[in-house]
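> make a model of this:
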Amino acid sequence: MLKAILFDLGDTLIEEYVDDAEKLHQVHLVTKPMAKEILSSLANRYRIGLVTDTETSDEISVRSALRKLHLDTFFSAVVTSTDIGITKPNSKMFIEALKRLAVTPEESLMVGNDPVRDIDGASQLGITTVLFRPSKYFDANAANRADYVIDSLDELPALINDRFEQGP
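Numbering: from 1, shown residues only. Next up is the predicted model:
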């Protein structure tokens, strides 16, 4: 049974921004189309976590940036590489998110744009994966590494309903 959904941040929920010069809460960020609506819909039924590689932004900075975008209330867990000291695809990033959400890999879904960092990282633990295709990281040869592929965030609720909510 699906209990939690993990998301990548840059190029999945927001337009990508590398926080090497300024922390995320200090810059103007733009959400991807339908991000707020989809998160709002999913947060009513699932625990939502964020697993994101950051250069300088810690959880406080990321949560502040999410607050500016009116997305902060949807996330029960925010795990950043700055805080953990490693980057995806290292499984410790995902393990920490699962721990904070109190779920197992089998009860989780990872949505991300990077076939290596997001998809391979989560797959190593047995987390079901969804590759968000509209990204500069998309590689058609790597798309088969994900369990599912979507072209827009608004496809996600139907995918979840069709694949995880239908009875036998």
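> on contacts alone, who are the packing partners of the helix or strand hosting residue 94?
Using DSSP states H and E, residue 94 sits within helix 91-101. On a contact count with 3 or more CB pairs under 8 Å, 6 or more residues apart in numbering; DSSP states H and E, helix 91-101 meets strand 4-7, strand 47-52, strand 77-80, helix 81-84, strand 108-112, helix 121-123. In this view, the C-beta of every residue, glycine as well, is placed from N, C-alpha and C.
> would you reformat these as a markdown table and include mean pLDDT and mean neighbour count?
What follows is the helices and strands packed on helix 91-101, written out as a markdown table (pLDDT from 0 to 100; neighbours: other CB atoms under 10 Å):
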| stretch | mean pLDDT | mean neighbour count |
| --- | --- | --- |
| strand 4-7 | 98 | 27 |
| strand 47-52 | 98 | 24 |
| strand 77-80 | 98 | 24 |
| helix 81-84 | 97 | 19 |
| strand 108-112 | 97 | 27 |
| helix 121-123 | 95 | 26 |
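> what's the closest of these to residue 159?
Among the helices and strands packed on helix 91-101, the nearest to residue 159 by CB to CB is strand 108-112 (9.1 Å).
> hmm, who's touching that closest one?
2-8, 12, 51, 94, 98, 101, 118-119, 121-122, 127-132, 150, 156, 160, 164 (CB atoms under 8 Å, 6 or more residues apart in numbering).
> which of those are buried?
2-8, 12, 51, 94, 98, 101, 118-119, 121-122, 127-132, 150, 156, 160 (16 or more other CB atoms under 10 Å).
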